[in-house]
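S.K.: what would the 3D arrangement of this be:
(one chain, ligands or ions: 1)
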Amino acid sequence: MTLTPMCPCLLTRHSPTGRREVLLGRKKTGFGTGKIVGLGGHVEPGETPLAATVREVAEESGIQVEPADLREAAALTFLFPAKPEWDMQVIVFVGDRFTGEARECDEIAPRWCPLDDLPVQDMWDDNQYWLLQVMDGPHLTATFEFAADGETVETSRIELGPTGIGDEG
Ligand SMILES: Nc1ncnc2c1[nH]c(=O)n2[C@H]1C[C@H](O)[C@@H](COP(=O)(O)OP(=O)(O)OP(=O)(O)O)O1
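M.R.: Got it, this is the predicted structure:
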């Protein structure tokens, strides 16, 4: 089984009215075009998931984040039995310290979304099972298996607890 390593990042802030928001973005190109996802992307060969996250956030939004200001929040496996070439190993990082204003690029249109009103209908189905849990909770390790439509989570296996998987590069 080959799992493509990916690294979505969830940056948060408080709006002027005190609402907590997370930086997501609508994908304009490539895999998952049209979906709203965390900023991030592929971990390149020889790169750690943390370094890839810092690089992808800067490339996709112009926002600068220091590695020390990110926390590994989850290690997720996405399995697509009907499309195994889509299988992924995803390390999710979260953080609330960064500099710069998010700007749109060719790949993605970033937008701040209230955590209490996420655009779930436009997000990957798996997000409903883990995204809010990882914002403040303990490290999460989980596997999601998608149905033949490539869209719907058919089974999920969630276990709590640190794994350290993101440190391995
Ligand atoms: N199922 C699911 N749940 C949550 N998040 C995601 C998925 N599938 C996903 O692809 N994602 C996330 C992971 C990444 O943050 C983005 C997709 O990144 P992508 O744009 O494909 O990666 P890049 O490396 O930027 O792309 P290219 O430059 O190679 O085109 O969505």
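S.K.: list the buried residues of the lowest-mean-pLDDT helix or strand in the chain.
M.R.: One helix or strand of the chain scores below all others by mean pLDDT, DSSP states H and E: strand 153-160, with a mean of 91. Buried residues in strand 153-160, counted by 16 or more other C-beta atoms under 10 Å: V153. Just so you know, the C-beta spots here come from the backbone N, C-alpha and C atoms, and that holds for glycine as well.
S.K.: note down every partner strand of that strand and its orientation.
M.R.: Here strand 153-160 has these sheet partners by DSSP bridges: strand 140-146 (antiparallel).
S.K.: got a list of contacts for the strand it pairs with?
M.R.: 73-82, 86, 125-126, 129-130, 133-134, 152-161, 163, 165 (C-beta atoms under 8 Å, 6 or more residues apart in numbering).
S.K.: can you narrow those to ones near the ligand?
M.R.: Residues shared between those and the neighbourhood of the ligand are 78, 126 [C-beta under 6 Å from any ligand atom].
S.K.: tell me, how many neighbours does Q64 end up with?
M.R.: 12 (other C-beta atoms under 10 Å).
S.K.: likewise for H42?
M.R.: 14.
S.K.: what subset of the contacts of strand 140-146 is buried?
M.R.: For the contacts of strand 140-146, buried by 16+ other C-beta under 10 Å: 73-80, 125-126, 130, 134, 153.
S.K.: turn those into a markdown table, including distance to E21 and secondary structure.
M.R.: Output for these, formatted as a markdown table (distance: C-beta to C-beta, whole Å; DSSP: H, G, I helix; E, B strand; the rest coil):
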| residue | distance to E21 | secondary structure |
| --- | --- | --- |
| A73 | 17 | strand |
| A74 | 19 | strand |
| A75 | 25 | strand |
| L76 | 22 | strand |
| T77 | 28 | strand |
| F78 | 25 | strand |
| L79 | 31 | strand |
| F80 | 30 | coil |
| D125 | 22 | coil |
| D126 | 21 | coil |
| W130 | 18 | helix |
| V134 | 16 | helix |
| V153 | 25 | strand |
